[in-house]
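In: Need coordinates for the following:
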Amino acid sequence: MELYNTFAILIVAAATFGYLNHRFLRLPGTIGLMILALVSSLIAIGLGRLGVPWVLTASQLLRGLDFHTILMQVMLSFLLFAGAIHVDVRALGRELAPVLSLATAGTLLSTVLVAMATYYIFPLFGQPIEFIYCLLFGALISPTDPIAVLGILKEARIAPNLEIRIVGESLFNDGVAVVIFVSLFQIAQFGAEQATPAVIGELFLREAVGGIVLGAALGYVTFWALRSIDNYKVEVLLTLALVMGGTALATTLHTSGPLAIVVAGLIVGNQGRKKGMSDLTREYLDKFWEVLDEILNAVLFVLIGLEMLVLNISRTTLLVGAVAVVVVLLARLVSVALPLTLLKKYYPFDRPTLRVLTWGGLRGGISVALALSLPNSMPRDLLVGITYVVVVFSIIAQGLSIGLLVKKLGLSTDTSPAGDGH
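Out: Here you go, the predicted structure:
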């Protein structure tokens, strides 16, 4: 019953904040929801210190909610599929080299740069931690979050070729990030001898390559099933079964569920929509996944905001987090500029594009979830607090201004006020 009550609180909060945002604030949906949730959390913390009973009860319910499990094992696959089915595979193919270079080399480079900077900066604030934990922080904060990116960029009216680079990178760097994070986690927990090149190579093949292969198989099987019938109710149910069953199967096979669902979503969204569905089915499928995407996005960003109720963030953590924001952005700049410079002969880019790719690399719930998965034997509270500060800045500051930046640099496809989602 507690689980039901917790979800009831989240849905009621999401609906209330969504109404208030649409009625009064008129900010982009996900950002408005998170800001309202943050403000409510701060108010609730104040009331909790005064001993208000219902606030204490709500906080206790949220403490019992496993954010990592809820996001990584339940919500993520639905959100990734909802985003992937609308990605143009041909456009993605034309930008495949920069997308893959950013998702792989870019993520790895950012991890190392963030780790090196934080290793020397943290002691200046009286928070010295071992280098391996700095690497863990670099690994969990470096990948761009597909949920934050998809939820915010669709309102920024960015040029298609630039959007596909940012969205494509965010969809694919999860697999790389998981391999890096798990490998470093094993080193931190069991020692470097347990994370040999052979072990890391096997992990990469099983997680990343295995996830892609599984996703392709599931996608084409679902495409065949969609093409063989014409019943929109059954076809929508098939896509739902693909996401839920595919995620469960990926977990059983120890492959990357997110990568599998992204690949399957790309196949169903392109092959299935064009060759396997009637106009009526396409309409219902789009509406179903759009509504589900909006609901889960609302719940997720409200949950991120409400996490303030259960996190222990001190003034020192806020200060170190503010410095970490600058470090992460600089690391993002270098990790974007270097791979694209090497590919410049084939995929030219200019300074405005580099600025948008850097500022548009949003961090979100995935970073928070990975940080919360750290055990108490590691400097968990510090890393979780810093991660939270970086994520909140990324979603609010970068998310609110990316549309304005795109328009200012002349990379917008729309002439209406940037960032206005209405």
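In: switch to C-alpha atoms for all contacts and neighbour counts from now on
Out: Fine.
In: any idea which element the nearest residue to Ser101 once chain neighbours are set aside lies in?
Out: Closest residue in space to Ser101, ignoring its immediate chain neighbours: Pro339 at 6.2 Å, by C-alpha to C-alpha, 6 or more residues apart in numbering. Taking DSSP states H and E as the criterion, Pro339 maps to helix 315-342.
In: Return the list of helices and strands in contact with the helix or strand where Thr111 lies.
Out: In this assignment (DSSP H and E), Thr111 forms part of helix 107-121. Under the contact criterion of 3 or more C-alpha pairs under 8 Å, 6 or more residues apart in numbering; DSSP states H and E, helix 107-121 touches helix 131-141, helix 160-190, helix 315-342.
In: so where's this protein shaky on pLDDT?
Out: Judged by pLDDT under 70, the chain has its weakly predicted residues at 1, 195, 414-422.
In: so what's the residue sitting nearest the centre point of it up against?
Out: When C-alpha atoms, centre = their mean is applied to the chain, the residue found nearest the centroid is Asp145 (2.5 Å). Applying C-alpha atoms under 8 Å, 6 or more residues apart in numbering, we find Asp145 in contact with 170-171, 361-367.
In: Narrow those to those that are buried.
Out: Among the contacts of Asp145, those classed as buried by 16 or more other C-alpha atoms under 10 Å are 170-171, 361-367.
In: Out of those residues, which sit inside helices?
Out: The members of these that map onto helices under DSSP state H are 170-171, 365-367.
In: Out of these, which is nearest to His86?
Out: Sorting those by how near they are to His86, with C-alpha to C-alpha, puts Leu171 at the top with 12.3 Å.
In: Gly46 versus the closest one, what's the distance?
Out: As defined by C-alpha to C-alpha, to the nearest Å, Leu171 lies at a distance of 38 Å from Gly46.
In: try Gly365
Out: 25 Å.
In: how many neighbours does Leu100 have?
Out: Close neighbours of Leu100, defined as other C-alpha atoms under 10 Å, add up to 17.
In: Residues in contact with the strand or helix carrying Ala198: which ones?
Out: Per DSSP H and E, Ala198 falls inside helix 197-204. Applying C-alpha under 8 Å, 6+ apart, the external contacts of helix 197-204 come out as 176, 179, 183.
In: try stretch 375-389
Out: With C-alpha under 8 Å, 6+ apart, stretch 375-389 has contacts from 129, 133, 137, 141, 311-313, 317-318, 320-322, 324-325, 367-368, 371-372, 374.
In: List the buried residues for it?
Out: Buried residues in stretch 375-389, counted by 16+ other C-alpha under 10 Å: 380-389.
In: residues of stretch 43-57 that come out buried?
Out: So for stretch 43-57, counting by 16+ other C-alpha under 10 Å, buried means 44-45, 48, 55-56.
In: Over to stretch 401-418?
Out: Buried residues in stretch 401-418, counted by 16+ other C-alpha under 10 Å: 401-407, 411-412, 418.
In: likewise stretch 81-94?
Out: For stretch 81-94, a neighbour-count test (16+ other C-alpha under 10 Å) marks 81-85, 87, 89, 92 as buried.
In: ranges for the helices of the stretch 251-400 of the chain?
Out: Using DSSP state H, counting those that start in this stretch, the helices of the stretch 251-400 of the chain run over 257-267, 273-275, 279-306, 315-342, 351-359, 365-372, 380-393, 399-408.
In: Could you say which of the ones you listed is packed most deeply?
Out: Among those, the stretch with the highest mean neighbour count (mean count of other C-alpha atoms under 10 Å) is helix 257-267, at a mean of 29.
In: Could you list every helix and strand in contact with that one?
Out: Counting by 3+ C-alpha pairs under 8 Å, 6+ apart, helix 257-267 packs on helix 76-84, helix 160-190, helix 210-227, helix 232-253.
In: Please identify the most buried of those helices.
Out: Among those, helix 76-84 has the highest mean neighbour count (mean count of other C-alpha under 10 Å), at a mean of 25.
In: chain center to that one, what's the gap?
Out: Distance, stretch centre to chain centre, for helix 76-84: 10 Å (C-alpha atoms, centre = their mean, to the nearest Å).
In: That helix vs helix 279-306, what angle?
Out: Note on geometry: by axes from the mean of the first three to the mean of the last three C-alpha atoms, to 10 degrees, helix 76-84 and helix 279-306 are set 130 degrees apart in direction.
In: picking that back up, would you list the helices and strands packed on helix 257-267 in a markdown table and tack on distance to Ile121?
Out: Listed next are the helices and strands packed on helix 257-267 as a markdown table, based on distance: least, C-alpha to C-alpha, whole Å:
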| stretch | distance to Ile121 |
| --- | --- |
| helix 76-84 | 33 |
| helix 160-190 | 20 |
| helix 210-227 | 37 |
| helix 232-253 | 38 |
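In: With respect to Gly215, which of the contacts of helix 197-204 is nearest?
Out: Gly215 has its nearest neighbour among the contacts of helix 197-204 in Val176, at 15.9 Å by C-alpha to C-alpha.
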